[in-house]
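J.: Could you look at this predicted model? Sequence included:
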Amino acid sequence: MKRNESPASDTGIRERYAALRALVDRACDRTGRESSSVQIMAVSKQQPLEKVREALQAGIRIFGENRVQELVQKWPDAGQGEVDCLDSGVHRNAVHVSLIGHLQRNKASRVAGYIDRIESLDNERTVDALVPRYSGSRPLDALIQINTSGEQSKYGLPDEEKAVFGFMDHILQYDSIRPRGVMTIAPFVNDEQAIRQCFRTLYSWHERIASRYGLSDWDTVSMGMSGDFAIAIEEGSTEIRIGTQLFGPRTSGPG
């Protein structure tokens, strides 16, 4: 599948989601995978509340947010359980919300409680700031972000054993952070081989970390967005992060 292949539909989020799911199924078929092995995360950053509500009512239950301020404006505290999300008729305990953007250490206290998972851990100081927020409660699930493209503009651990294994050793000191897998962002280029190599490198890290540490809950490879999700699935992704392909163009905020 070409990098920019996408569902040609402007008839609403429910229809775009169904069309996207069909493309995911096709990518899984090409590699002999079960379609259920790939989750679709709806990246709702900078989308108005009515579109997020529509996504909830369309049956989407996995969401990703980039910014802490927007996250806490849109979503109830996860501990509130049966509180309605955005007057959609869907309770908070039926929804999985992840922070997928970079988290500054000084904002750890603000995000605590609002997320089910953080997918962008790459800094020991941020880990240390999150730990006391989850001590004595359910552990916070986390993905390790690795910069497999080598681009200086991207966050993530360097693609080096010392950095990755050292970071894993640090996290595993704590019971309140539960590492579940790895995440990366491919370069925004029209070079399919460069994109594939980025994804192959991340999948290799997932396997190497699994072999070294033997983690029972190590199950997620988060890679692939609107422009490259089919390639990511072919290279082993278990979670794709889709924004404009589901919601349409972004706006300036949740309004």
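T.: Done, it's in. Numbering: from 1, shown residues only.

J.: Give the next helix or strand downstream of the helix or strand hosting Trp205.
T.: Assessed by DSSP states H and E, Trp205 sits inside helix 192-213. Once helix 192-213 ends, the next helix or strand along the chain (criterion: DSSP H and E) is strand 220-222.

J.: in stretch 140-156, what counts as buried?
T.: Within stretch 140-156, the residues that count as buried by 16 or more other Cβ atoms under 10 Å are 140-149, 154, 156. All C-beta atoms are positioned from the backbone trio N, CA, C, and that covers glycine.

J.: do the same with stretch 216-236
T.: For stretch 216-236, using 16+ other Cβ under 10 Å, the buried residues are 218, 220-236.

J.: Kindly report the same for stretch 77-97.
T.: Buried-residue list, stretch 77-97, by 16+ other Cβ under 10 Å: 78, 85-86, 88, 90, 92, 95-97.

J.: can you check stretch 104-119 too?
T.: Under 16+ other Cβ under 10 Å, the buried positions of stretch 104-119 are 107-108, 111-119.

J.: Using a markdown table, lay out these together with secondary structure and distance to Val127.
T.: Below are the buried residues of stretch 104-119 laid out as a markdown table (DSSP: H, G, I helix; E, B strand; the rest coil; distance: Cβ to Cβ, whole Å):
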| residue | secondary structure | distance to Val127 |
| --- | --- | --- |
| Lys107 | helix | 14 |
| Ala108 | helix | 9 |
| Val111 | helix | 13 |
| Ala112 | coil | 13 |
| Gly113 | coil | 17 |
| Tyr114 | coil | 18 |
| Ile115 | coil | 14 |
| Asp116 | coil | 17 |
| Arg117 | strand | 14 |
| Ile118 | strand | 10 |
| Glu119 | strand | 14 |
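
J.: Let me know the closest of those residues to Tyr134.
T.: Among the buried residues of stretch 104-119, Ala112 lies closest to Tyr134 (Cβ to Cβ), at 6.9 Å.

J.: Skip the chain neighbours and tell me the closest residue to the closest one.
T.: Distance criterion Cβ to Cβ, 6 or more residues apart in numbering; nearest residue to Ala112, sequence neighbours excluded, is Arg133 at 3.6 Å.

J.: does the one you found really touch Ala108, like I thought?
T.: Yes. Counting by Cβ atoms under 8 Å, Ala108 is a contact partner of Arg133 at 6.2 Å.

J.: what's the neighbour count on Ile100?
T.: By other Cβ atoms under 10 Å, the residues close to Ile100 number 23.

J.: And it, how far from Gly243?
T.: Between Ile100 and Gly243 the distance is 10 Å, computed by Cβ to Cβ, to the nearest Å.
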